[in-house]
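A.B. asks: attaching a predicted model along with its sequence, questions to come.
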Amino acid sequence: HTTYRTLDAAGIRDLIAGLPDIAARLGGTVEHWQVREVSDGNLNNVFIVTGHTGEVCLKQSLPHVRVDPAWKMPLDRTFFEAEWLRAVQPLAGALTTEFLHFDPVLYVLIVESLSGHTVLRSALMQGVDWPGVAPRIATFVAHTTFGTSLLARPFEDVFTARGIFCANQALTRITLDLVLDHPYRDHPRNHWEEPELTPIVLDIRSSAATLMAVENLRRRFLSQPQALLHGDLHTGSIMSTPDDTRVIDGEFALYGPIGFDCGMFIGNLVLHYFATPDHAARQATLQDIAAFWACFQEQFLILWNMNEAAPAGTLRPLAYGPAARVAQQAFIDEILIDTIGFAAVEIIRRLIGYAHTADFDAIADPQQRGACRAGALAFAYHVLEHHAEVVTIGDFLLNLGERGKT
Ligand code: SR1
Ligand code: MG
């Protein structure tokens, strides 16, 4: 293939017919391969290709945002997703999908298919209670962030990786604008249905404390390259069964503050919390958030203290004992402060920005839907307004639990 073209089913069969390993995985002959489009996200075309003995998932970048052809976009996002998968797979193992192939002309990425799994957001909306998911995501974030940081790698390796992901500028720009800028000003890409959100939006935009918290978060987003992040770790980027959880869609990967990935995940659990009137489901979500944070910090610290395993040239601990533990905990506490801030901006942008989520769509009554969305927005506003104060995950959950009662 010498030039890019957007593939249809015939083009996909043709491409795979020329890839012996993938063709063998599918089994049978090319004319029997079934190609089913399952595009769901905002950016790319996604297909499941099924053969006699196997199945793969094929993703192709478009020269524009999939849901808005007028919004032009470079094609390179599947390249960054392929690089992200190659970087995190040795660290996360079966917590992500198997990389199979990348075509640098067609910008096609082929990965293991997960057709037996459900997108976590949809599963949560169907009312599942899968307590294993949050600890697995915590394991994923702890291992991938620690393992790509200066704590685990010589700076030469980290700087090289940063050089690759620094070029993921189109998608970093999307995050900066859609998550950390547009919701805080009058911008044509913002939208919301319910009038009860409007006074809260106006309060947010006129609160100096809130706006300064957002300014601080966006400086940190761009200037704290602590580790390789997934960059878009919402519940639509996770596929799961009760026992097996995979993180997918790493196209927004960048080096950034570790709390960004933690915050995106927690922010989306909070959206689910407010979208679920059921008391037991809300309690389960509070437990998921608590379990995520406890598991993340425990595993990150275990990895940090496995000094013998760290290769020479990394920032291995020089000091041991209680004072060193206090310093490590201070690093974790800083991640928590980022996490809580990024969770709040994620909640806000999903309610009043460009890209909303489906969580609240299940509420049929418009008044109840509006009240639930307003509850989530008011909570995120409160979190940002008080972001300069010292926070613990306990305070965050207590506040969430109190607001969830109304
Ligand atoms: C134009 S892309 C909008 C959103 O979809 C992606 O999944 C990211 O969350 C992005 O912010
Ligand atoms: Mg995505």
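C.D. replies: The structure has been received and is ready for your questions. Ligands and ions are numbered 1, 2, ... in the order given.

A.B. asks: hang on, Ile332 in a helix?
C.D. replies: Yes: with DSSP: H, G, I helix; E, B strand; the rest coil as the criterion, Ile332 is part of a helix.

A.B. asks: for it, what are its contacts?
C.D. replies: Under the criterion of C-beta atoms under 8 Å, 6 or more residues apart in numbering, the neighbours of Ile332 are 297, 300-301. Backbone N, C-alpha and C define where each C-beta goes, glycine included.

A.B. asks: need the helices for the stretch 1-150 of the chain, in chain order.
C.D. replies: In the stretch 1-150 of the chain, helices defined by DSSP state H, counting those that start in this stretch lie at 9-17, 20-26, 77-92, 120-125, 133-147, listed in chain order.

A.B. asks: so which of those comes closest to Thr3?
C.D. replies: Taking C-beta to C-beta, helix 9-17 is the member of the helices of the stretch 1-150 of the chain nearest to Thr3, at 12.4 Å.

A.B. asks: tell me what that closest one is packed against?
C.D. replies: Packing contacts for helix 9-17, counted by 3 or more C-beta pairs under 8 Å, 6 or more residues apart in numbering; DSSP states H and E, involve helix 20-26, strand 34-37, strand 44-50, strand 55-61.

A.B. asks: buried deepest among these, which one?
C.D. replies: Using mean count of other C-beta atoms under 10 Å, the stretch among these with the largest mean neighbour count is strand 55-61, at a mean of 23.

A.B. asks: could you say what helices and strands the helix or strand containing Asn399 packs with?
C.D. replies: Using DSSP states H and E, the secondary-structure element containing Asn399 is helix 393-404. Applying 3+ C-beta pairs under 8 Å, 6+ apart, one finds that helix 393-404 contacts helix 258-275, helix 279-304, helix 366-385.

A.B. asks: which strands and helices lie in contact with the last one?
C.D. replies: It stands for helix 366-385. Here helix 366-385 touches helix 198-206, helix 208-223, helix 258-275, helix 322-352, helix 393-404, going by 3+ C-beta pairs under 8 Å, 6+ apart.

A.B. asks: go on, the shortest one?
C.D. replies: Under the contact definition 3+ C-beta pairs under 8 Å, 6+ apart, helix 258-275 sits against helix 120-125, helix 133-147, strand 227-229, helix 279-304, helix 322-352, helix 366-385, helix 393-404.

A.B. asks: let's go with 6 Å and repeat that
C.D. replies: Under the contact criterion of 3 or more C-beta pairs under 6 Å, 6 or more residues apart in numbering; DSSP states H and E, helix 258-275 touches helix 133-147, strand 227-229, helix 279-304, helix 322-352, helix 366-385.

A.B. asks: can you redo the helices and strands packed on helix 9-17 as JSON lines with mean pLDDT?
C.D. replies: Below are these laid out as JSON lines (pLDDT from 0 to 100):
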{"stretch": "helix 20-26", "mean pLDDT": "97"}
{"stretch": "strand 34-37", "mean pLDDT": "97"}
{"stretch": "strand 44-50", "mean pLDDT": "97"}
{"stretch": "strand 55-61", "mean pLDDT": "98"}
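
A.B. asks: and the ones you listed as TSV, adding distance to ligand 2?
C.D. replies: What follows is these, written out as TSV (distance: least, C-beta to the ion, whole Å):
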stretch	distance to ligand 2
helix 20-26	23
strand 34-37	16
strand 44-50	8
strand 55-61	10
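
A.B. asks: what residues does the stretch 251-400 of the chain put near ligand 1?
C.D. replies: Taking C-beta under 6 Å from any ligand atom, the part of the stretch 251-400 of the chain that reaches ligand 1 is made up of Ala355.

A.B. asks: in the stretch 251-400 of the chain, which residue sits nearest ligand 2?
C.D. replies: The minimum distance from the stretch 251-400 of the chain to ligand 2, using C-beta to the ion, falls at Glu251 (6.3 Å).

A.B. asks: cool, and the stretch 101-250 of the chain?
C.D. replies: Among residues of the stretch 101-250 of the chain, the one nearest ligand 2 by C-beta to the ion turns out to be Asp249. It sits 3.7 Å away.
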